[in-house]
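Visitor: here are the coordinates; sequence isn't available:
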C-alpha cells in the first residue's frame, strides 16, 4: 500500500507544491460515480458545523449592540432594537478603561516583536537550512526540543531575571514592554522550524551560482533567499502577530501598571472589576479585540494557505 | 590544511547565523531553567532572598491535596478534550476535504474561531453558558430540557462546559489535518476502490496511515497544550466551583504570584516538565507502531 | 488595503494617547493605586483633588489616582518586580501577609512624628493596621456589620410572623429568633424554588468566614499563634449556615444565588427584593438609596443577633487601608497624602461620601447627625463596643481564604459536614502557617 508513495512528510518537497495546485482534493467519500447524496450530506454537515462556529460571533455582535438592560433581559432577544452603535464609541471614552491606549500599547509590542522574530528566525533558519557546519543537526534537535518546554518552567525565573536586569542594567525591565518583545529578537523555535523547512525546498543551485559569482553568504540570504520566502515569512509574521496580540499570561506577569496594559489584559481587567458587569460593552470590546485578527487573516489568506502547505507544517 | 580551514570557516559562519538563537537560548531558556531548578529547592518570594531547603517543596507537594486535585483535573480535562478534539478536528478536515463548492468559505469559517484571543473567547462563552440568561440554556429549554445544567456554577458541569468550549477553537488543528489529507495521492483511493473497499475501510486503511505523522504531530502539540491550560479557566471560573476547574498551571500561577511561593511554584513546574517529557516519550515510542513515514 | 491599515497603525503609534500625558511637571508624582470604582472611586477622587489643591500645592506633590482590579495581587507582584506604586489601597487583612513578607514600608516613625497614635483611633482599627509590632498602614475607609431588614416585608408578613409567635415591629434578637423570622417570611414555590428568602447566610457570602463571631467563636488564637477552626463556636456557626442548605435544598440555594447577582444593580437581592434580611456593612445604605430610592425609609438596621443573647453588640470591623509598598520611590510624599486622609475633617468627609463610619476615636456630632446612613449611630456604637471583632492578623490570608471558599462552597452543596470540613481547613492552613513561620525564622537566623 505504501509502495507508490514518495517522500517523508517531515521535509517539504517541490512535488508537493505541484500537488497543491489541485485544490479539489481526492474525494474521500469514494465512489466517483456516486450520486448527489454524499455531497448533499457533506454540505448539510458542513453548514451545521459552520453555523455552530459562527453563531457565537453573531451573538457577540448582537449583544454588543444592545443596551445594558437589553443585554441582561430574559428571555434574550436575538436582535437589538434599537441598535446601539454608540456602544463602540462608549468603550473608548469609558472612564475605567482606556482601550485606545491599550490598542496602542499592543501595537507597539506587536510591531517590535513581529519584526524581531521574523528577521531573527529567518537568519537562524538560514543557518540551519542552507549551511553545513559541525554540530548543526544536534543544535537543531536541541532547538526543536525547546518547543516542548512548558512556559511555567521558565516563567518565574524569567520574572526574577528581568528583575535582576532591571536592578543591574541601568534601565527598568519589569513594568515595561521590554520582556514582551526583546526575547523575540533572538528567534523563536517554532518560527525557525517553519522557515527552515521552507528554506530547504529552495534549490541549492541558486546558492551555488551566487557563491560562484562571489556573493557573501549574508548577501545570498538577504538578496536571494528572503525574497523567495515571502509566503513563508508572511505566515511567520501572521502567527507572530496573532501570538502577541492574543498573549495573556506574558502581559499578566510582566506589566504592572494599568496604563501599560495590552488589549487582552485590559479587557480582562475591565471585566473583573466591579460587580456590575456591562455585558454590552464587554462584548463590544471583545469584538474590537478580535477584529484585527480576522481582518489580517482575510487579507493574507492566500499567502497563508500557501505558506502552510510549503512549510510542511503538517509534518 | 585547506580543508581544516574551510571546515572552521563553515563552522564560524554557521554559528554567526544561528547566534541570535544561541544567545537567546542561553539567556532566556537555559539560565532560567537552571535558576528554576535551584529555586525549586528553595523558599523564594522575590521580596526576600531565596532560602535553600533541599527537597522540602517536593515533599510538601506530595502531601498537598490541592496539588493532587489539580493533577487529577488536568488529566481528566486532557483525556476528555484531547481525543475528542482530535476526532472532531479530523472529521471536520475530512468533510472540508470533500469536493464541494464553497469549500474555501467553509474552511475560513471553521478556522476563524481559533484566531479569537482566550480573553474574548472566555467572555463570550461565559455569557453563552450563563445558567439563567445564557443562550445555551435558553436553547436547551426550547428543546424541552426542563432542568438545564448550571454549567459554570455546577460542580459537575463546569469541566464539561470547558471541554465543549475547546471544540470551538480547533480550527488550526483542522487546517493542519486538511493539509495532510490533501497530500494523500488519489491513486491510493482508486486502487482501494478497485479492491472493493467502502468509505470506512478507505479511511482506515488509506487515509489514517498516510496522515499518521500529522496525527502524531497534533497529538504531541495537544498534550503540551492541554497540560498548560490557563487563560480560559482563569478568566471564566477562577478554578471554581469548589476547585472543579482548577488546573495545574493555575495552581502554579497562584503559588507564584498570589502567595509569592516561587520556590514551590518552580517545583510544580519541574514536575510538569517531567510529565510532559514522559508523555512525549511515550507517544514517540508508541509511534513506531502506528506512524508510517513515507519514503 | 494593507497600506491603509499600516498607515492608521503608524498614526496611532505616533499621535495616539501616551501614558502620563497630562501630569504637572513641577510636582512629585505620587502613584496611588486603588480598588474602588463607581461612587466610592468618585468619593476618593474628591479627596485626592482636595489634597492636590491644598497640601499638594504647598508641598509640590501631585497624587495620581489609578483604579485597578486584583489590587492586592498587583501590588504584591509590583513590589516583587521592584516597580510598586507609592500608595496602595489595600484591605486591612492584607497587612499581616504583606508585612510578614517585607512588602511594606513600616510607618510608625512617620506616624509618631506626625502625632498619630493609638489614642487617635478606635482600638479595633488601630490594631488592624499593625502586624508584628509595626504600623504598616493607616485607614482610608472603615465599616462594620449589622443586620439590615426590610420593614415593609415585615409588615406584609405580619400575620405569618405573629402566627410563629414573632414581632413584626422589631428585628430578631438572637440567632434562634432569626431562624424563626426567616422561616416565617420565606416564600417558596411548590417546585422548591425560592421566591423570597427571609434570610440566607450565603447571601451575601462576603463575610461568611467571620460568622463565628456571633457564635462566640474565633478561628485564630493570636496569643498561641494557632488556628482554631475546630473551635466549637466555629462549628456551631457553620452548622447553622449549612442548616439553611439542608432546609431549603442545596440546588434551590445555588439557583437562587446564580444569575447576575451584581451588587451594584437593582437586582441586588435586598433591593429586588428577594431576601428580607441581610448582614451588610455601613455602606449598604448608600447602595440602597442609589439603586432604589423608593426603598428609603422602608428598611432599618440593627445589631446582628448572636447565638448567645448575652453576647451583645457583636460585629466584624473591616477597613480599607493606605499602605506604602516597599521600594516606593516617593515615601515621604506618599505619607503626606496618607496623613491628610486621616485628618478628622477629611476622614469624616470621605466617610460620609463612602457612607461609612469614622475609624477615629473622636467623631463630630455633625458627622453623626448628617450622615447618609440614617442608622449611623448603630454602626458607630457597634465599632466601639468591646465585642467588635477585627480581622485575624494571619500572614497567609490568601491561602486561608481560598481554603474557606472551597469549604463553604462544599458546605452549601452538602458535600461535607462542618466538623469534617473545618478540620481539613485547619490541618492544611496550620501546616502552611507553620511552614511559613519557620521559613521566616530561618531567614532571620541567616541574616544575623
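Guide: Thanks, I have the structure now. Computed from a predicted model, the values in this text were never measured in an experiment.
Visitor: where does chain B dip in pLDDT?
Guide: Applying pLDDT under 70 to chain B picks out residues B:1-4, B:294-295.
Visitor: how about the residues of it near chain C?
Guide: Applying CB under 8 Å from any CB of the partner chain, one finds that chain B approaches chain C through B:43, B:45-49, B:51, B:53, B:60, B:63, B:65-66, B:131-133, B:150, B:153-155, B:240-243, B:254, B:257-260. For every residue, glycine as well, the C-beta is placed using N, CA and C.
Visitor: just the buried members of the residues you listed?
Guide: By neighbour count, with 16 or more other CB atoms under 10 Å in any protein chain shown, those hold B:43, B:45-48, B:51, B:53, B:60, B:66, B:131-133, B:150, B:153-155, B:240-243, B:254, B:257-260 as buried.
Visitor: one step back: now intersect the residues of chain B next to chain C with the helices, please.
Guide: Among the residues of chain B next to chain C, the members found in helices (DSSP state H) are B:60, B:63, B:65, B:66.
Visitor: what would these look like in CSV with distance to residue B:21?
Guide: Below are those laid out as CSV (distance: CB to CB, whole Å):
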residue, distance to residue B:21
B:60, 37
B:63, 41
B:65, 42
B:66, 38
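Visitor: residue C:33 belongs to a strand?
Guide: Yes: counting by DSSP: H, G, I helix; E, B strand; the rest coil, residue C:33 is part of a strand.
Visitor: three-state assignment of the residue nearest to it when sequence neighbours are not counted?
Guide: Leaving aside its sequence neighbours, residue C:33 sits nearest to residue C:85 (CB to CB, 6 or more residues apart in numbering or on different chains; 4.4 Å). With three-state DSSP as the basis, the three-state label of residue C:85 is coil.
Visitor: check the one 10 residues further on too.
Guide: Secondary structure, three-state DSSP: residue C:95 is helix.
Visitor: same check on residue A:90?
Guide: Under three-state DSSP, residue A:90 falls in the helix class.
Visitor: for residue C:321, same thing?
Guide: Residue C:321 ends up strand, using three-state DSSP.
Visitor: beta partners for the closest residue to it other than its chain neighbours?
Guide: Nearest residue to residue C:321 in three dimensions, chain neighbours excluded: residue C:137, at 3.7 Å (CB to CB, 6+ apart). Residues found in beta-bridge contact with residue C:137 (criterion: DSSP bridges) are residue C:323.
Visitor: just the pLDDT for the residue of chain A found nearest chain B.
Guide: Using CB to the nearest CB, the closest approach of chain A to chain B is made by residue A:186 at 2.4 Å. Note on residue A:186: pLDDT of 93.
Visitor: my read is that it contacts residue B:18, right?
Guide: No: under the criterion of CB atoms under 8 Å, residue A:186 makes no contact with residue B:18, lying 10.5 Å away.
Visitor: give me the more crowded residue out of the two.
Guide: Shown here are residue A:186 and residue B:18; by other CB atoms under 10 Å in any protein chain shown, residue B:18 has more neighbours (26 against 22).
Visitor: show me the contacts for that one.
Guide: The contact partners of residue B:18, taken as CB atoms under 8 Å, 6 or more residues apart in numbering or on different chains, are A:123, A:124, A:127, A:128, A:139.
Visitor: 6 Å instead?
Guide: A:124, A:127 (CB atoms under 6 Å, 6 or more residues apart in numbering or on different chains).
Visitor: how distant is the helix or strand hosting it from the center of its chain?
Guide: Secondary structure assigned from DSSP states H and E places residue B:18 in helix B:2-25. Relative to its chain's centre, helix B:2-25 lies at 35 Å (CA atoms, centre = their mean, to the nearest Å).
Visitor: need the next SSE after it, C-terminal direction.
Guide: Taking DSSP H and E, what comes next after helix B:2-25 is helix B:31-40.
Visitor: what is that following helix packed up against?
Guide: Applying 3 or more CB pairs under 6 Å, 6 or more residues apart in numbering or on different chains; DSSP states H and E, we find helix B:31-40 packed against helix A:151-168, helix B:262-290.
Visitor: in stretch B:157-167, what's buried?
Guide: For stretch B:157-167, by 16+ other CB under 10 Å, it's B:157, B:158, B:159, B:161, B:162, B:163, B:164, B:165, B:166, B:167.
Visitor: of all those residues, which comes closest to residue A:37?
Guide: Residue A:37 lies nearest to residue B:167 out of these, by CB to CB, at 26.9 Å.
Visitor: for the residue lying closest to that closest one once chain neighbours are set aside, pull up the helix or strand it's in.
Guide: Leaving out its chain neighbours, the residue that sits closest to residue B:167 by CB to CB, 6+ apart is residue B:88, at 5.6 Å. Using DSSP H and E, residue B:88 falls within helix B:65-96.
Visitor: ok, residue B:214 next?
Guide: Residue B:214 belongs to helix B:212-226, assigned by DSSP H and E.
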